[in-house]
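Enquirer: No sequence on hand, only this structure:
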């Protein structure tokens, strides 16, 4: 049990390092865009601003783990919605008879944007929900489970 927790923490740290690299490179090449404030929050908050949910971490890893330029990665973070993600990592819930794309809820804010997976405000952790903010469990779409 402890071993798997250490592996999860190390993957969180590698994602955090990727985000630091992308944000710092973007801010140095394109100053005065407002992303500087996000970078400051990222540095001040540390890895604890990342979500603890496994699927949310996979989504962020998809955004920052690619070979695109930092500008393309920041653009993807700010503008991509959960419905636009590849089917393998698209969060789905099944509140009734049909599956729907999930939303991410933090406090009173219900969102379908990837950028809201990160805890920019500090202290509030989010969860997967329906469009009304009711907590839902995400359908596991991995093979072999």
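Expert: Done, it's in. Please read these numbers as outputs of a predicted model, since none were measured by experiment.
Enquirer: Could you name the residue of the chain that is farthest from its center?
Expert: residue 97 (27.1 Å; CA atoms, centre = their mean).
Enquirer: Tell me the pLDDT of that residue.
Expert: pLDDT, residue 97: 83.
Enquirer: part of a strand, is it?
Expert: No: Residue 97 is assigned coil when assessed by DSSP: H, G, I helix; E, B strand; the rest coil, not a strand.
Enquirer: Now the phi/psi pair for it, please.
Expert: The phi and psi values for residue 97, taken as degrees, to the nearest 10, are phi -90, psi -20.
Enquirer: got the contact list for it?
Expert: Contact analysis of residue 97 by CB atoms under 8 Å, 6 or more residues apart in numbering lists nothing. Bear in mind the C-beta positions are built from the backbone N, C-alpha and C, glycine included.
Enquirer: distance of it from residue 17?
Expert: Separation of residue 97 from residue 17 (CB to CB, to the nearest Å): 43 Å.
Enquirer: same deal with residue 130?
Expert: For residue 130 relative to residue 17 (CB to CB), the value is 34 Å.
Enquirer: do residue 77 as well
Expert: 16 Å.
Enquirer: Could you do residue 108 as well?
Expert: 32 Å.
Enquirer: who has more neighbours, these two?
Expert: Between residue 108 and residue 17, counted using other CB atoms under 10 Å, residue 17 has the larger neighbour count: 12 against 7.
Enquirer: where's residue 61, which helix or strand?
Expert: Residue 61 belongs to helix 54-64 when assigned by DSSP states H and E.
Enquirer: May I see the buried residues of that helix?
Expert: Within helix 54-64, the residues that count as buried by 16 or more other CB atoms under 10 Å are 55, 56, 57, 58, 59, 60, 61, 62, 63, 64.
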